[in-house]
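Asker: how would this look folded up:
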Amino acid sequence: MNAEAEAVWNVVLEHNRLTQAGDAEGTAALLHESMVIAPPGGNERLDRAAYLASIVGFHEQGSIESYEEKEPIVDVVGDVAIVFFRYEGRWKVGEETHAETGTDHCVLARVDDAWKIAWRTLIPDPA
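Answerer: As a prediction, the model looks like this:
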C-alpha cells in the first residue's frame, strides 16, 4: 500500500475504532458533511446526523465484543478513494449475542487535505 492509500486506510481504521467506542463526536470529525450510509438489507439511506445518532443509540443498548478488519483494498484516484475490506464482528444487544462476517465498502473524499468518509455500506455474507 502506498502512502496515500495508507493515509486513507488509517482514516477508516480510526472511524471503526471510534464507532466501536460509541464516540459519535470523534466519528463526526471523520465524516463528510454530506455523508450517507446505506445500511444492509434494504433501500434505506441514513444521512450524517442519523448515522451519528445510530451510533449513540446502539451503545445505549449494546456493545461490540470484537471486530476485525481483514484484507483491505484501497484505490485512490485524485480526491476520491474507494476502500473494501473483509470484517468479522461480534456484538451484544441485551442478552443476545450476534456474529457476522462480510465486506465493508467506503468512499472517501479529500476535503481541505483531509480524507472524509462520504459513503459507506456493509454487505454481510449470506447466512
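Asker: what ranges do the helices span in this protein?
Answerer: With DSSP state H as the criterion, the chain has helices at 3-20, 24-28, 48-61.
Asker: contacting residues for the most centrally placed residue in the chain?
Answerer: Geometric centre of the chain, nearest residue: residue 16, 5.6 Å, by C-alpha atoms, centre = their mean. Residues in contact with residue 16, defined by C-beta atoms under 8 Å, 6 or more residues apart in numbering, are 67, 69. (Glycine included, C-beta is placed from N, CA and C.)
Asker: please tell me how far it sits from residue 41.
Answerer: Per C-beta to C-beta, to the nearest Å, residue 16 is found 20 Å from residue 41.
Asker: then residue 83?
Answerer: 21 Å.
Asker: make sure residue 40 is actually in contact with residue 125.
Answerer: No: at 10.7 Å, residue 40 does not count as touching residue 125 under the criterion of C-beta atoms under 8 Å.
Asker: okay, and the common contacts of these two?
Answerer: residue 102.
Asker: related to what we said a few turns ago, quick one, which of residue 83 and residue 41 is more surrounded?
Answerer: residue 83 (23 against 9; other C-beta atoms under 10 Å).
Asker: doesn't residue 74 make contact with the more buried one?
Answerer: Yes: counting by C-beta under 8 Å, residue 83 touches residue 74, with 5.1 Å between them.
Asker: who touches both of the two?
Answerer: What both residue 83 and residue 74 touch, as defined by C-beta under 8 Å, 6+ apart, is the set 8-9.
Asker: could I get the phi/psi values of the residue lying farthest from the centre of the chain?
Answerer: Within the chain, residue 95 marks the point farthest from the mean C-alpha position, 24.6 Å out by C-alpha atoms, centre = their mean. Note on residue 95: its backbone torsions stand at phi -100, psi 0 [degrees, to the nearest 10].
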